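Engineer: no sequence for this one, just the structure:
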Ligand SMILES: Cc1cc2nc3c(=O)[nH]c(=O)nc-3n(C[C@H](O)[C@H](O)[C@H](O)COP(=O)(O)O)c2cc1C
């Protein structure tokens, strides 16, 4: 157990919207595909979040799809219609009972959506071998879907929503010249490519302003750059980040492989997190990626307001207290079933590596 007294991330936080959070540790969004076949919250979802929200300040429920063509995988959580509200309400309650705040990540997998090809087709900004391009009407529908999903999250008792603009999901597909080849007002120059993400944020904020009777947070998650030639550059996401700062969202979450990774498409090779920190004066940052011990937290303390943890939390829900994640500890830990995840999945995650440091 480490001495945690007076450490920045242990202190109570107040978000711009007024939401009070007991500490700055975050269960990163994790799509563990535990839901029922139609995306309804399952007992396994409830159990997993009960086990994993006991020490963090924020629990971000990962990848809730906003319409039936937006799902990441079979077993992802749905917020695509009003029937989902009852289950989501139970989930938010379960998280609140552990003293954490509940954020619902709203997502659309776009070109990469998991759809039943007999009935539907995946859709994105431009066609691919397995998806078609959205027309203007369909884009408008998606913007509305994010608005409706936000209303459901509010009705279900969540404390906020996070827009999934990272990990090559739809919002990133619109941002990236690699996946967006449109020639209308939604493609081409950066001014056009940011339009869908920004209009979605604005719609979500409108819904919050009209519907939420309590502090309700709006966050945005992005992947700062793509490595392939012709992909998203750091300058593109910095412009988006400045626009999000002007819109006064509550936090910007950076999805990284390694929290201190150097920029590869920028004007400097400084760590990405440092560049964002230097550029954004008022927008609180959250960061995830390879945070494994107290030393990592000390490195991050200057640059980030929130610390998000994925794999360390999956294996050790007490991580914010003891801050260790090593093989010996995992072997001693509660069984996968008790953690609410399947042993096969645990093995897969361990073999993917990146957990130990
Ligand atoms: C099993 C699993 C599921 C994930 N699901 C999501 C997701 O639904 N949404 C998302 O934005 N990121 C997702 N991620 C990425 C994590 O939020 C996090 O950024 C990543 O695991 C790096 O942090 P870590 O090194 O602490 O694990 C997932 C990661 C894992 C391992």
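Structural biologist: That came through fine. Being a predicted model, the structure only gives us computed values, none of them experimental.
Engineer: Can you pull the poorly scored residue ranges out of the stretch 51-200 of the chain?
Structural biologist: For the stretch 51-200 of the chain, applying pLDDT under 70 flags no range at all.
Engineer: could you redo the last one with a cut-off of 80?
Structural biologist: By pLDDT under 80, the weakly predicted segments of the stretch 51-200 of the chain are 117-119.
Engineer: the helices in it, which residues?
Structural biologist: 85-97, 136-155, 170-175, 190-193, 195-211 (DSSP state H, counting those that start in this stretch).
Engineer: now do the stretch 201-350 of the chain
Structural biologist: For the stretch 201-350 of the chain, the helices defined by DSSP H, counting those that start in this stretch cover 234-246, 272-279, 294-300, 311-315, 319-322, 327-332, 336-339, 343-352.
Engineer: can you list contacts of the longest one?
Structural biologist: Right, the one you point to is helix 234-246. Contacts with helix 234-246, where a contact means CB atoms under 8 Å, 6 or more residues apart in numbering, come from 165, 175-176, 190, 193-194, 197-198, 201, 220, 222-225, 252, 263, 265-267, 272, 275-276, 279-283. (C-beta placed from N, C-alpha, C; glycine too.)
Engineer: From the residues you listed, list the ones also adjacent to the ligand.
Structural biologist: Taking CB under 6 Å from any ligand atom as the test, the ligand is in contact with none of the contacts of helix 234-246.
Engineer: Filter the residues you listed down to just the buried residues.
Structural biologist: Among the contacts of helix 234-246, the ones that count as buried by 16 or more other CB atoms under 10 Å are 165, 175-176, 193-194, 197, 201, 220, 222-225, 252, 263, 265-266, 272, 275-276, 280, 283.
Engineer: Which residues of the stretch 201-350 of the chain lie near the ligand?
Structural biologist: Contact residues, the stretch 201-350 of the chain versus the ligand (CB under 6 Å from any ligand atom): 221, 255, 288, 289, 290, 291, 309, 310, 311, 312.
Engineer: wait, what's in contact with the fourth one?
Structural biologist: For residue 289, the residues meeting the contact criterion (CB under 8 Å, 6+ apart) are 254, 255, 256, 257, 258, 259, 261.
Engineer: Give me the secondary structure label for residue 49.
Structural biologist: The three-state assignment at residue 49 reads helix, by DSSP: H, G, I helix; E, B strand; the rest coil.
Engineer: you'd agree it is up against residue 62?
Structural biologist: No: using CB atoms under 8 Å, residue 49 is not in contact with residue 62; the gap is 10.5 Å.
Engineer: what about these two, which has more around it?
Structural biologist: For the pair residue 49 and residue 62, the greater number of neighbours falls to residue 49 (26 against 23), based on other CB atoms under 10 Å.
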